[in-house]
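Asks: When you get a sec, could you give me coordinates for this:
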Amino acid sequence: MNLHRKGRAALVLALVVVVAMAFRVSWNALRDIAGAIGADSTAATLYPFVVDGLMALALIATLVLAGRDRTFALRVLAAYTIASLVLNYVHGLVPELHGRSVDWGRLADWDPANWALVLLATSLPVGSIYFGSDLVAKVLHHRPAPIAAPTVNAEESTVTERNRSSSDLVVSTPAPITPNVKPLPRAVAVGFLKSNIPAKPVGAIEQPTPEPIERRTVAAESTRPRRATGRVPEVARTPRPKRTPDELLDEARKATADWPDAKLTAEGIRLAVRTSPANARSLRDTLRAERGLQVA
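Replies: Predicted coordinates:
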């Protein structure tokens, strides 16, 4: 166990040494690139920490995270590695960057390439803020999956238990079984011919006559209240108001005020005023006479 831990510690230490040396090699190139895009001396000194420092942070996050978060950390590490490689390559192609004699914002002679390089160099600090914050948040909120306990083979444990318990048993000699022998009775010869001995007559047994069970019809009990049948008494009825002929005539005039002459019938007046057919006919004749029509 100690050798295993020492090997891991030595591997981590070697990685730290390699990263530190690579950071020192890349220092001059990134510092000169920062000065070429307009950074002052302090900003140019801190610029390598922005690029290579985020690469180190992404590497640590890759070792800690798992699943989709680990894939994201690997992508950030790959993107910043490629960006650092491109800037170091440009630094090696342009000797003027070594003595800082190049014009500000001029990293290549071809304008599209120069624009792309300036955009890459200036966007790395902003990307470091965004991706660095995201990686740190993912590492802080990461919960490692619990390690499952090793399961014991059930079949092997059963066999072992069975063998162990069988070996511990004491083998005992079974007691002798004494057979219970009983003599059988002597066989008696039975004749298959009809016997000549007269049988004694036996009187017929009178069977009792069952009494019929009387079936009675029982009314089923109902929990629902029974509805009242028959004629409702006068006291329980709702009193209906009785209208005088003058009141009926006034209601008929109001109801038929906008009726045409053809609609002025006894049935229509009866339904509108809710009265008897006789009263409806009388009201019809009165209304037709008022309109100057011929009374039917």
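
Asks: Quickly find the element holding the closest residue to Ala22 other than its chain neighbours.
Replies: Excluding the flanking residues, the one nearest Ala22 by C-beta to C-beta, 6 or more residues apart in numbering is Asp52, at 7.6 Å. Backbone N, C-alpha and C define where each C-beta goes, glycine included. For Asp52, the enclosing helix or strand under DSSP states H and E is helix 41-64.

Asks: what's the answer for Ala278, then?
Replies: helix 277-290.

Asks: Who are the packing partners of that helix?
Replies: helix 245-255, helix 266-273 (3 or more C-beta pairs under 8 Å, 6 or more residues apart in numbering; DSSP states H and E).

Asks: re earlier: which strands and helices sit next to the helix holding Asp52?
Replies: Against helix 41-64 (3+ C-beta pairs under 8 Å, 6+ apart) you get helix 2-36, helix 68-93, helix 111-140.

Asks: would JSON lines of those helices with distance to Ala280, mean neighbour count and mean pLDDT be doable?
Replies: Output for these, formatted as JSON lines (distance: least, C-beta to C-beta, whole Å; neighbours: other C-beta atoms under 10 Å; pLDDT from 0 to 100):
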{"stretch": "helix 2-36", "distance to Ala280": "109", "mean neighbour count": "14", "mean pLDDT": "81"}
{"stretch": "helix 68-93", "distance to Ala280": "88", "mean neighbour count": "16", "mean pLDDT": "91"}
{"stretch": "helix 111-140", "distance to Ala280": "91", "mean neighbour count": "15", "mean pLDDT": "90"}
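
Asks: Output those in JSON lines, with distance to Glu211 appended to each entry.
Replies: Output for the helices and strands packed on helix 41-64, formatted as JSON lines (distance: least, C-beta to C-beta, whole Å):
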{"stretch": "helix 2-36", "distance to Glu211": "101"}
{"stretch": "helix 68-93", "distance to Glu211": "91"}
{"stretch": "helix 111-140", "distance to Glu211": "95"}
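
Asks: Please name whichever of the ones you listed is nearest to Thr265.
Replies: helix 68-93 (86.7 Å; C-beta to C-beta).
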